[in-house]
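>>> how would this look folded up:
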Amino acid sequence: MVSEDKKIHYASIFNDVLAPVTQGPSSSNTVGPFRIGTIARGLLDGEPAELEVRMSTGGGYYATFYNMESDKGLLSGILGRDMIGDDLGQVYDEARNRGLKYEFIFSEDVPAFPTELALVKVSSARETITLRGISLGGGEILIDEINGKPFEIKGICEEEIEIPGCEGGRTVPSVYPLHTDPGAVPVFTTSEEMLEYAQNSGKELWEAAVDYEMSLTGLTSGEVFKVAGNTLETAYRAIERGLEPGVSFEGMTVAMAPEIKQKLGSMDLLPMGFGHLGGLQALAMVEYSNAHGVIVCMPTGGASGVIPAAIRSAAMAKGKTREDEVKALLTAGLIGVFYYPTHYHGALGCQAEVGIATSQAAAALASFITKDPRAIERAAVMGMQYLLGQICDPIEGYPQVPCFIRNIASVSVAGVCANYGVLGIDTAITLDEMAGAVLRVGEALRERRVNDLGCCGCRYSANPLSTLGVREEI
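Residues are numbered from 1 along each chain as shown. This next block holds a predicted model:
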């Protein structure tokens with residue numbers, strides 16, 4: 001939510017944390033560009049006829065633009081396509097069929113920071129619009145300049161603007177599923193206030209999550225619970241699809257979940273409790289994401305397997321009901337709110353993606369054991385303490401290695417943290433302090449990475465500029 005001065009954004013559970021619902025593989029690298037393209041199309045008078053996108057050879061897109069489907073996401077937005085219902089793999093054919101001329105250019109002249117910065121020029125038969133679009137992480141975007149004039153557009157809700165050099169007012173489209181009331185302030189803004197709220201009201205954390213989301217969106221408690229249920233069902237469907245034979249994707253690895261499912265029942269492995277099934281389900285989810293399947297980013301596409309797999313497998317082991325699972329998801333969503341300043345962005349390391357997801361999952365699993373808010377918070381803090389400082393280091397720019405294995409392992413880590421949070425182990429710091437540490441460590445990781453590598457891409461990335469329609473300027 002944006003306050004009246006438009007400087008404070010209060011994270012919505014179902015707009016920012018357990019979101020977006022989209023085709024995979026990435027919230028920041030696929031959905032972010034899609035939303036930038038969607039807004040650019042909405043601002044343009046007429047059907048887009050030409051598109052030029054300029055990015056930095058020192059930025060994050062240089063290593064990931066094609067392998068994480070940023071190109072297809074941006075084109076889909078420009079063409080006005082649906083990221084859930086349309087086939088992402090057909091976007092180039094559609095662009096050609098509709099006569100859209102496009103060019104993607106990597107240049108040293110474009111700033112390398114923000115890491116996912118794109119300078120977009122889109123033209124119709126009537127006019128040309130230029131804008132600076134930034135993918136902030138987790139699907140969140142910012143357009144901070146249009147036709148040379150400063151703006152602050154995030155697509156949170158529809159708004160009317162005047163564009164210099166263009167006739168008439170323009171409507172900025174909303175790119176989020178839920179409407180948030182401008183100027184609304186949530187019922188609490190820190191984890192300590194959350195704990196006080198739960199204690200004073202006698203409510204469980206899932207109920208506090210409902211109240212929090214109601215305060216931002218204006219939904220009723222029943223409506224919030226329904227959204228949570230639908231979100232969980234979408235994630236579970238993705239897990240089931242990922243376990244079916246036939247899933248395939250380009251990249252460094254091949255889909256293994258169906259084969260591993262068969263092996264789990266036939267091999268004499270070490271006992272791992274619900275972690276066996278949970279790890280398999282997490283793998284199925286992220287493999288399906290990489291195959292352009294519809295997933296829920298929790299809080300990102302690269303970490304989408306941890307929370308739903310942990311909740312589902314632990315619930316099966318403990319005989320929990322679907323209602324219990326939805327409550328656990330709400331608890332996880334609320335914990336994720338306090339990590340919002342990181343934007344759940346891989347530029348701050350996998351700690352800001354898989355680490356946050358593990359923290360959320362640990363809280364969700366702890367809620368299966370106890371109603372004590374402070375025990376649940378301890379579990380969440382431990383989940384992040386274990387993964388603090390973890391770098392994001394994909395090979396060849398694909399969101400597969402090491403994302404897949406980190407999703408698998410994090411289900412068991414979340415279970416251990418849930419148990420020991422309930423047992424009362426002392427974490428020494430609060431969730432607010434933990435979230436602050438993630439941001440500080442992430443910024444240090446990013447600075448070190450830029451200094452060491454000369455860019456924000458990965459050390460093992462090959463030059464990706466072999467795709468048709470791409471030009472590199474050095």
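>>> Surely Val401 is in contact with Ile395?
Yes: contact criterion CB atoms under 8 Å: Val401 and Ile395 qualify, at 4.7 Å. Quick note: C-beta positions are derived from backbone N, CA and C, even for glycine.
>>> And the spatially most central residue of the chain, how far from Gly46?
The structure's the chain has its C-alpha centroid closest to Thr300; by CA atoms, centre = their mean the separation is 2.5 Å. Going from Thr300 to Gly46 by CB to CB, to the nearest Å gives 34 Å.
>>> that older thread, can you pull the contacts of the residue nearest to the centre of the chain?
Applying CB atoms under 8 Å, 6 or more residues apart in numbering, we find Thr300 in contact with 26-28, 137-138, 344, 346, 353, 357.
>>> For the stretch 301-450 of the chain, which segments count as helices?
306-318, 322-337, 354-366, 373-387, 403-423, 431-453 (DSSP state H, counting those that start in this stretch).
>>> now do the stretch 51-200 of the chain
Going by DSSP H, counting those that start in this stretch, the stretch 51-200 of the chain shows helices at 61-64, 70-78, 91-97, 191-201.
>>> Point out the one among those helices that comes closest to Ile153.
helix 70-78 (13.9 Å; CB to CB).
>>> Which residues belonging to the closest one are considered buried?
70-78 (16 or more other CB atoms under 10 Å).
>>> by contact count, what packs against that helix?
Contacts defined by 3 or more CB pairs under 8 Å, 6 or more residues apart in numbering; DSSP states H and E place helix 70-78 against helix 32-43, strand 50-56, helix 91-97, strand 101-107, strand 117-123.
>>> ok, Pro114 touching Ile134?
Yes: Pro114 is in contact with Ile134 according to CB under 8 Å; the separation is 4.8 Å.
>>> List the residues that contact the nearest residue to Cys166 once chain neighbours are set aside.
Nearest residue to Cys166, sequence neighbours excluded (CB to CB, 6 or more residues apart in numbering): Glu127, at 5.9 Å. Going by CB under 8 Å, 6+ apart, Glu127 touches 44-46, 165-166.
>>> Can you list phi and psi of Glu127 for me?
The phi and psi torsions at Glu127 (degrees, to the nearest 10) take the values phi -160, psi 170.
>>> State the distance from it to Ile153.
Distance of Glu127 to Ile153, computed by CB to CB: 18 Å.
>>> and if you look at Ile369?
Separation of Ile369 from Ile153 (CB to CB): 44 Å.
>>> before we move on, the earlier item: closest one to Val381 among the helices of the stretch 51-200 of the chain?
That would be helix 191-201 among the helices of the stretch 51-200 of the chain, by CB to CB, at 9.2 Å.
>>> Tell me the helices and strands packed up against the closest one.
Using 3+ CB pairs under 8 Å, 6+ apart, helix 191-201 sits against helix 205-217, helix 373-387, helix 431-453.
>>> so how far is that helix from its chain's centroid?
The chain centroid and the centroid of helix 191-201 are separated by 27 Å under CA atoms, centre = their mean, to the nearest Å.
>>> now the angle from that helix to helix 431-453?
Orientation of helix 191-201 against helix 431-453 (axes from the mean of the first three to the mean of the last three CA atoms, to 10 degrees) gives an angle of 160 degrees.
>>> quick one: helix 191-201 to helix 322-337, angle?
Using the same axes, to 10 degrees: helix 191-201 against helix 322-337 is 140 degrees.
>>> Give me the buried positions along helix 191-201.
Under 16+ other CB under 10 Å, the buried positions of helix 191-201 are 191, 194-195, 197-198.
>>> Name all residues that make contact with the nearest residue to Ala255 once chain neighbours are set aside.
With sequence-adjacent residues excluded and distances taken as CB to CB, 6+ apart, Ala255 is closest to Val247, at 4.2 Å. By CB under 8 Å, 6+ apart, the contact set of Val247 is 241, 255, 257-258, 287-288, 291, 293.
>>> Please apply the same query to Pro33.
By CB under 8 Å, 6+ apart, the contact set of Pro33 is 70-71, 73-74, 77, 118, 133, 135.
>>> Can you check the pLDDT for it?
Note on Pro33: pLDDT of 98.
>>> and the longest strand seen in the chain, what does it pack onto?
Secondary structure assigned by DSSP state E gives strand 128-137 as the longest strand of the chain. Applying 3+ CB pairs under 8 Å, 6+ apart, one finds that strand 128-137 contacts helix 32-43, strand 117-123, strand 140-146.
>>> can I get the helices and strands packed on helix 70-78 in a markdown table with distance to Asp426?
Listed next are these as a markdown table, based on distance: least, CB to CB, whole Å:
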| stretch | distance to Asp426 |
| --- | --- |
| helix 32-43 | 39 |
| strand 50-56 | 45 |
| helix 91-97 | 52 |
| strand 101-107 | 49 |
| strand 117-123 | 42 |
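>>> ranking those by burial, who's on top?
Burial of the helices and strands packed on helix 70-78 is given as mean neighbour count (mean count of other CB atoms under 10 Å); helix 32-43 ranks first at a mean of 26.
>>> Dump the contacts of Thr300 to a markdown table, plus pLDDT and distance to Leu445.
Converted to a markdown table, the contacts of Thr300 look like this (pLDDT from 0 to 100; distance: CB to CB, whole Å):
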| residue | pLDDT | distance to Leu445 |
| --- | --- | --- |
| Ser26 | 93 | 19 |
| Ser27 | 94 | 19 |
| Ser28 | 94 | 16 |
| Gly137 | 93 | 14 |
| Gly138 | 94 | 17 |
| Tyr344 | 95 | 15 |
| Gly346 | 88 | 10 |
| Glu353 | 95 | 12 |
| Ala357 | 98 | 18 |
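>>> Could you export the residues you listed as CSV, including distance to Ile105 and neighbour count?
Below are the contacts of Thr300 laid out as CSV (distance: CB to CB, whole Å; neighbours: other CB atoms under 10 Å):
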residue, distance to Ile105, neighbour count
Ser26, 21, 30
Ser27, 24, 32
Ser28, 21, 31
Gly137, 24, 27
Gly138, 26, 33
Tyr344, 28, 30
Gly346, 23, 35
Glu353, 28, 35
Ala357, 34, 36
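>>> Check which residues of stretch 161-176 are buried.
163, 166, 170, 172, 174-176.
>>> Those residues: which two are farthest apart?
Comparing every pair within these by CB to CB identifies Cys166 and Tyr176 as the most remote, at 24.6 Å.
>>> hang on, Gly242 packs against Ile260?
No: checked against CB under 8 Å, the pair Gly242 and Ile260 is beyond contact range at 11.1 Å.
>>> Give me the more crowded residue out of the two.
Taking neighbours as other CB atoms under 10 Å, Gly242 and Ile260 compare with Gly242 leading, 27 against 17.
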